[in-house]
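K.L.:
model this:
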Amino acid sequence: MTQLVESYKQKVRQYQRTIVLPEGEDPRVIEAAEIISADGFAKVILLGDENVIRAKSRKGLVGVAIENPKTSTRLGEFSQLLYDLRKHKGMTMEQALELCHNEMYYGVMMVKLGLADGMVGGACHSTGDMLRPALQIIKTAPGVKAVSGFFVMYKPDVEKFGQIIFADCAVTPFPAESDLADFAVCAYHSAKHFIDEEPKIAMLSFSTKGSASNDDAVKVANATKLAKERLPEMEIEGEMQFDVAVAEEVAKLKFPNSKVAGKANVFIFPDLNAGNIGYKILQRLGGYYAYGPICQGFAKPVNDLSRGCVANDIVAVVAMTALQSI
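P.N.:
As a prediction, the model looks like this:
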């Protein structure tokens, strides 16, 4: 674990948040639960067949709770709530009961009802399978319409830009102006949790301060205004190019007297293509750790994993989910 993840674990330890891991029969998830339980920074609930889970466990899962969505006594309560939430969309009681047997829906329902403080899944499910029940049941936070995914990009022993946030890198392919404003406001609050400096948000584009009149650049500039109107205390500027956002000598030429240009630590990309490509370049060629994607914009924390994740990746996301829940 990096020093950054260890700092997250220390921040949440006193709160003892409960995180549900729906893919409880996956060996990587079981190993992660064992690590978390031994470390003691959070409580874990695994979903699945207890006999299967314990047979795969190497260390006995001491202190880890296990629930089976197929046989749970909570199914009646969960299916009734799901039916009440979705009947206006045509869902029947029978369909609600069937969905609540699914570990993803069951886990999200636990978060909805306060039986868990957050959920982490996706080790063996697609992002769509993860986000669908969360969007249907947890829904977005007040004032937010668009969910997004951010990465904490971390490089140890770097004085400047050692901890930064990239968004959206995971969820919305073609965001509207209002979506970009949502991403910025949510990223501001995420930065308050996950990086050590006051957020300075750069709204990225191929244009800086109207140097191009293309519709895409105008959209970013308009989104910046919308975000600033919603949260006036936020330091946010744009549209600007990436070099303007990080290089003070370029900022002085292209964006003089800026509080953000040359000093940004939160970067909002204009679309998912740019965000996803950008974080992977920094990860693979820049030597940064990429922690995430962490979802922002939900009313309660639900986070996705890469299907190529290992146990330590899951541990890190659980720590970050616990931190989001505080």
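K.L.:
show me the contacts for the residue most central in space within the chain.
P.N.:
Geometric centre of the chain, nearest residue: residue 294, 1.6 Å, by CA atoms, centre = their mean. Residue 294 makes contacts with 149-152, 190, 194, 303, 317, 320-321, 324, as judged by CB atoms under 8 Å, 6 or more residues apart in numbering. All C-beta atoms are positioned from the backbone trio N, CA, C, and that covers glycine.
K.L.:
okay, stretch 102-117 in CSV with CA atoms only?
P.N.:
Listed next in CSV are the C-alpha coordinates belonging to stretch 102-117 (Å, rounded to 0.1, in the frame of the first residue of the first chain):
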residue,chain,number,x,y,z
ASN,A,102,-29.1,-10.5,-7.5
GLU,A,103,-26.1,-9.5,-5.3
MET,A,104,-25.7,-6.1,-7.0
TYR,A,105,-29.2,-5.1,-6.3
TYR,A,106,-29.1,-6.6,-2.8
GLY,A,107,-25.9,-4.7,-1.9
VAL,A,108,-27.2,-1.4,-3.2
MET,A,109,-30.4,-2.0,-1.2
MET,A,110,-28.3,-2.5,2.0
VAL,A,111,-26.7,0.9,1.3
LYS,A,112,-30.1,2.5,0.6
LEU,A,113,-31.4,1.3,4.0
GLY,A,114,-28.3,2.2,6.0
LEU,A,115,-27.3,-1.4,6.6
ALA,A,116,-24.0,-0.6,5.0
ASP,A,117,-22.3,2.8,4.5
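K.L.:
Show the contacting residues for the residue sitting furthest away from the middle of the chain.
P.N.:
In the chain, the greatest distance from the average C-alpha position (CA atoms, centre = their mean) is reached by residue 253, at 35.0 Å. Contacts for residue 253 (CB under 8 Å, 6+ apart) come out as none.
K.L.:
what about residue 217, which SS state?
P.N.:
helix (DSSP: H, G, I helix; E, B strand; the rest coil).
K.L.:
ok, it touching residue 238?
P.N.:
No - with contacts counted by CB atoms under 8 Å, residue 217 stays clear of residue 238, the gap being 9.4 Å.
K.L.:
List the contacts of the nearest residue to residue 118 once chain neighbours are set aside.
P.N.:
The shortest distance from residue 118 to any non-neighbouring residue, by CB to CB, 6 or more residues apart in numbering, is to residue 301 (3.6 Å). Counting by CB under 8 Å, 6+ apart, residue 301 makes contact with 111, 117-119, 295, 321, 324-325.
K.L.:
Among the residues you listed, which are located in strands?
P.N.:
Residues of the contacts of residue 301 located in strands (DSSP state E): 118-119, 295.
K.L.:
most neighbours, which of those residues?
P.N.:
The most crowded member of the ones in strands among the contacts of residue 301, judged by other CB atoms under 10 Å, is residue 119 (32 neighbours).
K.L.:
Tell me what that residue is bridged to.
P.N.:
On the basis of DSSP bridges, residue 119 is bridged to residue 20, residue 302.
K.L.:
For residue 261, see how far away residue 248 is.
P.N.:
The spacing between residue 248 and residue 261, counted by CB to CB, to the nearest Å, is 8 Å.
K.L.:
Look at those two and report which has more neighbours.
P.N.:
Ranked by neighbour count (other CB under 10 Å), residue 248 and residue 261 place residue 261 first, with 28 against 12.
K.L.:
Quick check, pLDDT for the more buried one.
P.N.:
At residue 261, the pLDDT value in this model is 96.
K.L.:
need the contact list for it.
P.N.:
If a contact means CB under 8 Å, 6+ apart, then residue 261 has 202, 237, 240, 244-245, 248, 251, 254-255 as its contacts.
K.L.:
Let's see that with 6 Å instead.
P.N.:
Neighbour list for residue 261: 240, 244, 251, 255 [criterion: CB atoms under 6 Å, 6 or more residues apart in numbering].
K.L.:
which of those tops the neighbour count?
P.N.:
residue 240 (31 neighbours).
K.L.:
The residue nearest to that residue when sequence neighbours are not counted: neighbouring residues, count only.
P.N.:
Distance criterion CB to CB, 6+ apart; nearest residue to residue 240, sequence neighbours excluded, is residue 208 at 4.7 Å. Using other CB under 10 Å, residue 208 has 24 neighbouring residues.
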